[in-house]
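Visitor: Give me the fold of what follows.
(chains A and B)
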There are 2 protein chains.
Amino acid sequence: MPELSTKLRRFFGSKPTTSSLSEKQSAVKPTPTTTTPVKMSSTISAAQFLAAAKHRRSVYGLKNTSAVSDKRVQEILEEVLSFTPSSYNTQPLRIVLVTGAKHAALWDAISAAAEPVLKGAGEEVWKTMQGIFQMHKGAYGSVAFFDSANVIAESGKTHASAAHMFDEFSHHSSGMAQILVWSSLELEGLGANLQHLNAIPPVEEAIKKFLAVPEDWKLRAHLNYGDEAQPHPEVPQKLSTTETLKVVN
Amino acid sequence: MPELSTKLRRFFGSKPTTSSLSEKQSAVKPTPTTTTPVKMSSTISAAQFLAAAKHRRSVYGLKNTSAVSDKRVQEILEEVLSFTPSSYNTQPLRIVLVTGAKHAALWDAISAAAEPVLKGAGEEVWKTMQGIFQMHKGAYGSVAFFDSANVIAESGKTHASAAHMFDEFSHHSSGMAQILVWSSLELEGLGANLQHLNAIPPVEEAIKKFLAVPEDWKLRAHLNYGDEAQPHPEVPQKLSTTETLKVVN
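Guide: Take a look at the predicted model:
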């Protein structure tokens, strides 16, 4: 298989890889983080950790208020950025926090960009989605998760052997950051739901323009949050682990 | 933009979407989960949750023993499967736990499948990787994360509006499950590191054959674990949040 061999020469050409999601020195020049270190002496059990993670749910009924200060939410984001793993510690993750009137204005920008596209899909589609946009506008804040396409491309050069994997890796790393932030905000007493406006390219462009982020940032997910205006939901029904888990021992 | 309109008619055609990563009733017929519910009365703070998540590191020095029983690791996997979110609750995630002699045999199968490919890339590449494979073989167990391609394809039909997004969604959801399992195992006192053997297609095929999983399962990541044979590592240096975090308020 000559093609695969060529790929692998690139794959292992620069240096051997001991781990894809390792946390070695990055190709990206790091500068010291500003986050306050967390004391590890108080580490909880796995059972407590999982119970806390299980508390996270999709909450749609949200108020345009937050009992948690913007400063505290920012601290949580800094914490998550301070230790979320990425392949070869390349760190493509970028986060934008948007709150209050700016959150509402962001949803107006989303709605305006989506209107011509959705009307093209039918007046009914537009009306339904307009209502959903209004609902999300009624929350207090947003945490938008991006990945830097420049970092992903650069990673493929400095770690040529894994060039074909870095986009996939960035999605995994983003998912990790998403669940950590989502869980943390709900443990603070807030509700949150995760949206994917990148499904409609002109809307992603409008969001990037509104937030004035670099052109190469790619939107991965958008977490709306606020004080809960509904009971905290139950976990939805899941497949039996007889279908989803296999043990080989 | 007629093409986009057509796409969006599909996109919103079946039913309006309130959330991509929502947890509504799945198109996949769910059966009751066998997992014991976790009491939420003991929920910890976000600070405790993040401190625990920060404990998770890439640990390469692992023994071929585990102070944590296979049964307990299985319980953790069942817990994670019982609440990890997926878009529209479509649940593509599949997990395989491999321990003891079977873990060692899995790495032999990986090495055998990789040998002709890596030798094609150069004798030096093969020698280096052979040593790395031997190191991973020396751990105690593996947690392999797969996604069902059939579920992803089916999700694109039942939620036609989001058909172009489900592969991406599955990577996010997999990343979420990976970080929850990885963190939990290390909170139990184990060490773990995440590998991506799917980078070499014939190796992924060999893993699937060894584990006897369905053909449509796609390998996303492979977590090796065992008792730690080295000090628990520090968090690597990260970019300043002046580069990675923006606040708009």
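
Visitor: and the helix of greatest length in chain A, does that touch chain B?
Guide: Longest helix of chain A, by residue count under DSSP state H: helix A:166-187. Yes. Using CB under 8 Å from any CB of the partner chain, helix A:166-187 reaches chain B at A:168-169, A:171-176, A:178-180, A:183-185, A:187. Glycine gets a C-beta too; all of them are placed from N, C-alpha and C.

Visitor: hang on, residue A:105 is in a helix, isn't it?
Guide: Yes. Residue A:105 forms part of a helix when assessed by DSSP: H, G, I helix; E, B strand; the rest coil.

Visitor: I'd guessed it sits against residue A:211; true?
Guide: No. Here residue A:105 lies out of contact with residue A:211, judged by CB atoms under 8 Å, at a distance of 10.7 Å.

Visitor: Those two - which one has more neighbours?
Guide: More crowded of residue A:105 and residue A:211, by other CB atoms under 10 Å in any protein chain shown: residue A:211, with 19 against 14.

Visitor: Find me the pLDDT at residue A:161, would you?
Guide: Residue A:161 is assigned 84 on the pLDDT scale.

Visitor: dump the residue contacts of residue A:172.
Guide: By CB atoms under 8 Å, 6 or more residues apart in numbering or on different chains, the residues touching residue A:172 are A:21, B:171-172, B:174-175, B:178, B:220-221.

Visitor: how about the closest residue to residue A:141 other than its chain neighbours, phi and psi?
Guide: Nearest residue to residue A:141 in three dimensions, chain neighbours excluded: residue A:99, at 4.0 Å (CB to CB, 6 or more residues apart in numbering or on different chains). For residue A:99, the backbone dihedrals are phi -130, psi 160 (criterion: degrees, to the nearest 10).

Visitor: same deal with residue A:245?
Guide: In terms of degrees, to the nearest 10, the main-chain angles of residue A:245 are phi -130, psi 130.

Visitor: related to what we said a few turns ago, so after the longest helix of chain A, what's the next helix or strand?
Guide: Going down the chain from helix A:166-187, the next helix or strand is strand A:191-195, by DSSP states H and E.

Visitor: Which residues does that following strand contact?
Guide: A:56-62, A:136, A:178, A:182, A:185-186, A:221-230, A:232, B:19-22, B:85.

Visitor: Is there a quick ChimeraX command that grabs whichever of these are buried?
Guide: Selection of buried members from the contacts of strand A:191-195 for ChimeraX, criterion 16 or more other CB atoms under 10 Å in any protein chain shown:
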select /A:56,57,58,59,60,61,62,136,178,182,185,186,221,222,223,224,225,226,227,228 /B:19,20,21,22,85
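
Visitor: could you give me the average pLDDT of the top strand by length along chain A?
Guide: Longest strand of chain A, by residue count under DSSP state E: strand A:217-226. For strand A:217-226, mean pLDDT rounds to 98.

Visitor: List the buried residues for stretch A:102-111?
Guide: Buried residues in stretch A:102-111, counted by 16+ other CB under 10 Å: A:102-104, A:106-107, A:109-111.

Visitor: so how far is residue B:124 from whichever residue of chain A sits closest to chain B?
Guide: Chain A approaches chain B most closely through residue A:175 (2.8 Å), counting by CB to the nearest CB. Relative to residue B:124, residue A:175 is positioned 35 Å away (criterion: CB to CB, to the nearest Å).

Visitor: Those two: which is more packed in?
Guide: Neighbours were counted for residue A:175 and for residue B:124 using other CB under 10 Å; residue A:175 has more, 28 against 11.

Visitor: Would you map the strands across chain A?
Guide: With DSSP E as the definition, chain A shows strands at residue ranges A:93-99, A:141-148, A:191-195, A:217-226, A:245-248.

Visitor: Run a quick neighbour tally on residue A:101.
Guide: Residue A:101 has 10 nearby residues by other CB under 10 Å.

Visitor: With residue A:164 instead?
Guide: By the criterion of other CB under 10 Å, residue A:164 has 13 neighbours.

Visitor: And the pLDDT at it?
Guide: With respect to pLDDT, residue A:164 has a value of 96.

Visitor: That one contacts residue B:199, doesn't it?
Guide: Yes. Counting by CB under 8 Å, residue A:164 touches residue B:199, with 7.3 Å between them.

Visitor: so where's chain A uncertain?
Guide: Across chain A, the ranges flagged by pLDDT under 70 are A:1-42.

Visitor: 90 instead?
Guide: For chain A, the stretches with pLDDT under 90 are A:1-43, A:161.

Visitor: and stretch A:198-206, which residues are buried?
Guide: Using 16+ other CB under 10 Å as the test for burial, stretch A:198-206 gives A:198-200, A:203-204, A:206.

Visitor: Please list which of those residues also come close to chain B.
Guide: By CB under 8 Å from any CB, the members of those lying near chain B are A:199-200.

Visitor: quick one: which of the buried residues of stretch A:198-206 is nearest residue B:154?
Guide: Checking those against residue B:154 with CB to CB, the nearest one is residue A:199 at 18.4 Å.
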